[in-house]
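1. Okay, predicted coordinates and the sequence, questions at the end:
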Amino acid sequence: MVSNLSPDFSGDRVAAIVDELVDLEGPLLPILHAVQEEFGCVPQDALPVIAKKLNLSRAEVHGVMSFYHDFREQPAGRHTVKICRAEACQSMGGDRIAEHAKGRFKVDFGQTAPDGSVTLEAVYCLGLCACAPAAMVDGKVVGRVDEARIDAISSEVRS
């Protein structure tokens, strides 16, 4: 098995998170969120711990984790920029904005800049369709994004 341990990974801590949330109805998603909150990602080494405690296969846990775009196998950069790729944003120039963002940050969607400054992610609706194209920077929604705004965001997250 390939390990992607974060420096602070602890199987015991993952087990404790599962124990805290196991009694919830449908506990897997809350557990995955809590693990990512704790470690900055969901390390592959956490999956067998979660699977065993929930009486699931590792494949089932991995399948759920990989289905949802919010879960990462590696920690994100210091800043996270999400660009909306949904139809409303695409119709307002979102494809152009997405390409500009990839060029400006020098990464593709799902990647982190080599200096660790930013992770660029695609998202499929931020609920800001009336102000398309939209983005989210470190959890803050930004509407009417254009190339100049992407350039400003890039300068902000790299400073």
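-> Perfect, thanks for sending it.

2. how about the strands in this protein?
-> 79-84, 111-112, 118-123, 135-137, 140-142 (DSSP state E).

3. ok now the last one, how far from the chain's centre?
-> Same thing as strand 140-142. In terms of Cα atoms, centre = their mean, to the nearest Å, the centre of strand 140-142 is found 15 Å from the chain centre.

4. Other residues contacting it?
-> Contact partners of strand 140-142, identified using Cβ atoms under 8 Å, 6 or more residues apart in numbering, comprise 126-128, 134-136, 149, 153. Using the backbone N, CA and C atoms, a C-beta is placed for each residue, glycine as well.

5. Which among the residues you listed count as buried?
-> 126, 128, 134-136, 149, 153 (16 or more other Cβ atoms under 10 Å).

6. Read off the pLDDT value for the residue nearest the centre of the chain.
-> When Cα atoms, centre = their mean is applied to the chain, the residue found nearest the centroid is residue 70 (3.8 Å). Residue 70 is assigned 85 on the pLDDT scale.
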